[in-house]
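A.B. asks: Fold the following and give me the result.
(2 chains)
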Amino acid sequence: MRAKLFIIFFLLSFYSCDHGLKPPEVDTSTQYEEPGFGGIVYFKGTWPDTIYDLRVVAFRNYPPKNIISEVIEGKAKFSQSLPRRVDSAKYEVLADTGRWEYIVVALQYGANIFSDWKAIGVYDTTKSDTIPTPLYIPPGRFIRGINIVCDFRNPPPQPFKLSEIIGLLITKQIEIEK
Amino acid sequence: MILTTSHLFSQQPKMGNLSGTVLDEETKQPIFGVNVIIENTFLGTATDQRGKFSIKNIPTGKYTVRFSAIGYEIKREKIEILPSQETNLIVELRPTAYTTEPIIVTATRREQILSEIPISTHVVESEMISNRNNLQIDDILRYVPGVNMIQYQVNIRGSSGYSRGTGTRVLLLFDGMPFLTGDAGEIIWEAIPVWQIEKIEIVKGAGSALYGSNAIGGVINVITKETTQKQSFRFRTYLGMYDKPYYPQWRWSPKNRFYYGGFASFNFSVGNLSSLIHIQRSIDEGYKQNQNYHRWNLFTKSKYNFSPYSNLSFVFNYIRQKNETFFYWKNLRNALRPRDEDLGSRVNSERFVTFAQYKRILNDRLFYLARLGFFRNKWNDNLTPQNRSTAGFINSEIQINYQPNDKNYLIFGLDLIYNDVKSSLFGKRNSHSVAIYLQDDIKLSESFSISLGLRNDLYKLDSLKYTGQINPKFSAIYKISNALNFRTSFGSGFRAPAISEAFTSTTAAGVTIKPNPSLKPERAISFEVGSRFIHSLAMIDFSLFWNHYWNLIEPVFDIDGKIIFKNVTEARIQGAEIGINLFPTSFLNFSIGYTYLFPWDLSEDAILKYRPKHIFYANTNLNYKIFHMGFDFRFISKYERIDQLLKLIVPDAEARVPIYVVDARLGFDFRKLKIFANVNNLLQYNYVEIVGNLAPIRNFNLSIEYEI
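C.D. replies: Residues are numbered from 1 along each chain as shown, chains lettered A, B, ... in the order given. This next block holds a predicted model:
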């Protein structure tokens, strides 16, 4: 009995030798670009008085089938805050390889990060309809030239309430970036 | 035993003295430190190094004297004290290889030895706390079978999960007084003077039939050392150092990180008054960035004996602390650094609990105790705007123990609570409750006993309506022999919402929390069958348990994107637990504890969040003359599910692993001088108890204790 206990103790202790959690490894041997996309956002019209935040956000699906789970599962990505009261601004979004169906410029107009958002511009290269243009990011490629026009006088349709979507996303992404 | 009575001197009429010597039955050598207690009185003492003891001024009459010491069987002797005479005893105690069964008071609110307790109960003795150099009692609880800690939140058989410090589902008692903060209903572990603990009793399963709200998952009672008539001075100092993080990427400081401190305590007596004063200083530079603390503790305990049958105890326990706050890591690549916005955040707190307890033995079948206590909890942080909270918690209780005959033992009690909170987060709130409880322990035969209990709580939370809760309990124990018994118990429990859960209204870092005054209390029932086997070479305890919970309160997103506490979860936790203690020789022992949990969230048809399925502990101790050493090992399986909210807030929240931790200790005991060396997390295993918080990395400490 004592011998068995020692064996159990030893085996369990042995498992401890893997040291548990470890920092993510960075593979520097392969030269490739961080997948994502970027471009310029052009602003037209009169800027609103109050702006809390301004970002480019990308969603996998349009319209998103389950917004919350997309956010939670990390399927939606977004840029750093954009400068305000400018005519144009460069942006970059680090997004995974694959198809992104909805790319939107989102503006936070109130203090509540979970509820006070609206869309002011959408990446849409086809004028014949209001369906956003999807974007495909190949493995190890960063797509440039994804330009978006925001016209404050003529905002795009709000396909869904942005309330919890953007706020939750930003809370998560900020932490990851830091 | 040799009993002699002699006329030594004349003193007060109707008073006599008791003296004697206690010897080892086998070696005939005197035994030092034997507790000698005259039952049904407060009279008692301990033997000196020559095995001698003396108790003076005992009222004349017939008594039973109990002799107990670690490593010996308990012995009781009947004596008669005659006027102006000294009764002299020579008692021999039989050595036993296994640890003497501890006496428990929490499970049934009366003194019973462990094998008579019909509910799963575990005891941690002071010697183990001292040997492990545990600095806080949550460190001690990490090695109790069926218990696991999720950072500062205690879980008994998966009862609590993780609720961000609000509303614990385990009731903590400090010498019998409820010790939860009035605002968030949380446990302040660091407020307990760990080196003045006599023992910690952990009762598993719903215990609201005796203890009311919060005892939904179990009760932990921290019992501090008794004051003695003997004057003594104790001093202890410790120095610890954290090892470098295992991965160079995690190094955030070029300097070694230390923790250090110590305490001094003085025990003295004047006439019938005996007192203990304990002062403690603790500093920890932190193995994580922005995690240090500076702490002062003051603990005093006094006892005045009005007579051998009545006494008054007074306790004052104070803590003042300044600590930085590490909420979550920056990410797994920076596991020991906080989020940038948390750098520099800190909390100042000042807390004290004070209570007076009067106990009177009216005769050998009736006694009562009455207690009045106050717990003040005050804290503030350095955020803008600043959060601050002050809570005053008043508790008053009277308990009557009455044994009308040899078959029945009745306990009746009345419990009153008033709680007043002023906070920038919760507003100005108050709550109060009144409860009565009754328990009857019935001895149906020499081998079969049952216990019936019922408690009715009526409580009011601020402006809301009164809510009533009736909680029954039933337990039975059947002794097959002195070595083997079977037990079963059933009980219900509840937890009233904490003020913080019902009334928090704040926005921080873009997250808004809104109040929900319509919260209902959480409820539970628990059922258990078990068996205990006691032999000179082994003690085995086995139990099967089944717990069902309703209306568990959790923070969720409301439809407007704000966070709100709601009654959302119905859950069932079933499992089995086995504890084995082996005593192959007098100087070596092993113990293991394994708990299997099947924690199921019935509302979401998924495994409950933050609950492990497997909890395993093992430890071994070697004591040889002045030398002792030991190893502790614990394994907790990976939490399979965490809440989505934390996934959003915490980067790399999914970075979790099973927990495998080994601690080692070595010590020397020169009676007055004791030296302890410990290595915690010997194998430098990196793990989290709560997402985004790396648990303590390997650290070494050395402590020295001296007693005069």
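
A.B. asks: From here on, just use CA atoms for contacts and neighbour counts.
C.D. replies: Will do.

A.B. asks: So which residues of chain A form strands?
C.D. replies: Using DSSP state E, the strands of chain A run over residues A:36-44, A:53-59, A:77-78, A:88-93, A:98-100, A:102-108, A:117-122, A:135-137, A:142-143, A:148-151.

A.B. asks: mind giving me TSV with these and columns for mean neighbour count?
C.D. replies: Below are the strands of chain A laid out as TSV (neighbours: other Cα atoms under 10 Å in any protein chain shown):
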stretch	mean neighbour count
strand A:36-44	19
strand A:53-59	23
strand A:77-78	24
strand A:88-93	18
strand A:98-100	17
strand A:102-108	23
strand A:117-122	24
strand A:135-137	17
strand A:142-143	19
strand A:148-151	20
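
A.B. asks: could you dump those strands to JSON lines with distance to chain B and mean pLDDT?
C.D. replies: What follows is the strands of chain A, written out as JSON lines (distance: least, Cα to the nearest Cα, whole Å; pLDDT from 0 to 100):
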{"stretch": "strand A:36-44", "distance to chain B": "20", "mean pLDDT": "92"}
{"stretch": "strand A:53-59", "distance to chain B": "11", "mean pLDDT": "88"}
{"stretch": "strand A:77-78", "distance to chain B": "13", "mean pLDDT": "84"}
{"stretch": "strand A:88-93", "distance to chain B": "18", "mean pLDDT": "92"}
{"stretch": "strand A:98-100", "distance to chain B": "21", "mean pLDDT": "82"}
{"stretch": "strand A:102-108", "distance to chain B": "11", "mean pLDDT": "87"}
{"stretch": "strand A:117-122", "distance to chain B": "12", "mean pLDDT": "84"}
{"stretch": "strand A:135-137", "distance to chain B": "24", "mean pLDDT": "84"}
{"stretch": "strand A:142-143", "distance to chain B": "24", "mean pLDDT": "88"}
{"stretch": "strand A:148-151", "distance to chain B": "25", "mean pLDDT": "91"}
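
A.B. asks: what distance separates the start and the end of stretch B:137-148?
C.D. replies: 13 Å (Cα to Cα, to the nearest Å).

A.B. asks: typo on my end, it should be stretch B:371-390
C.D. replies: Using Cα to Cα, the two ends of stretch B:371-390 sit 23 Å apart.

A.B. asks: Just the buried residues of it, please?
C.D. replies: Across stretch B:371-390, burial judged by 16 or more other Cα atoms under 10 Å in any protein chain shown covers B:371-381, B:388-390.

A.B. asks: is that stretch anywhere near chain A?
C.D. replies: No: Stretch B:371-390 lies out of reach of chain A by Cα under 8 Å from any Cα of the partner chain, never closer than 15.1 Å.

A.B. asks: what does that stretch contact?
C.D. replies: B:177, B:179, B:181-183, B:345-358, B:391-398, B:421-425 (Cα atoms under 8 Å, 6 or more residues apart in numbering or on different chains).

A.B. asks: pLDDT value on residue 10, please?
C.D. replies: Here I'm looking at chain A. We have a pLDDT of 55 for residue A:10.

A.B. asks: was after chain B, sorry
C.D. replies: At residue B:10, pLDDT is 38.

A.B. asks: So what's the residue count around residue B:295?
C.D. replies: 19 (other Cα atoms under 10 Å in any protein chain shown).

A.B. asks: try residue B:573
C.D. replies: With other Cα under 10 Å as criterion, residue B:573 counts 21.

A.B. asks: And for the residue of the stretch 201-350 of chain B found nearest chain A, the neighbour number?
C.D. replies: Proximity of the stretch 201-350 of chain B to chain A (Cα to the nearest Cα) peaks at residue B:333, 4.8 Å away. As a burial measure, residue B:333 scores 18 neighbours (other Cα under 10 Å).

A.B. asks: Compare the strands of chain A and report which one is nearest to residue B:211.
C.D. replies: Minimum separation from residue B:211 across the strands of chain A (Cα to Cα) falls at strand A:117-122, 48.5 Å.

A.B. asks: How about residues contacting the closest one?
C.D. replies: A:102-110, A:132, A:148-152, A:155-158, A:161-163, A:166.

A.B. asks: does residue B:445 count as helix, strand or coil?
C.D. replies: coil (DSSP: H, G, I helix; E, B strand; the rest coil).

A.B. asks: Who does the closest residue to residue B:708 other than its chain neighbours form a beta bridge with?
C.D. replies: What sits nearest to residue B:708 in space, not counting adjacent residues and going by Cα to Cα, 6 or more residues apart in numbering or on different chains, is residue B:233, at 5.1 Å. When bridges are called by DSSP bridges, residue B:233 pairs up with residue B:266.

A.B. asks: Alright, calling it a day.
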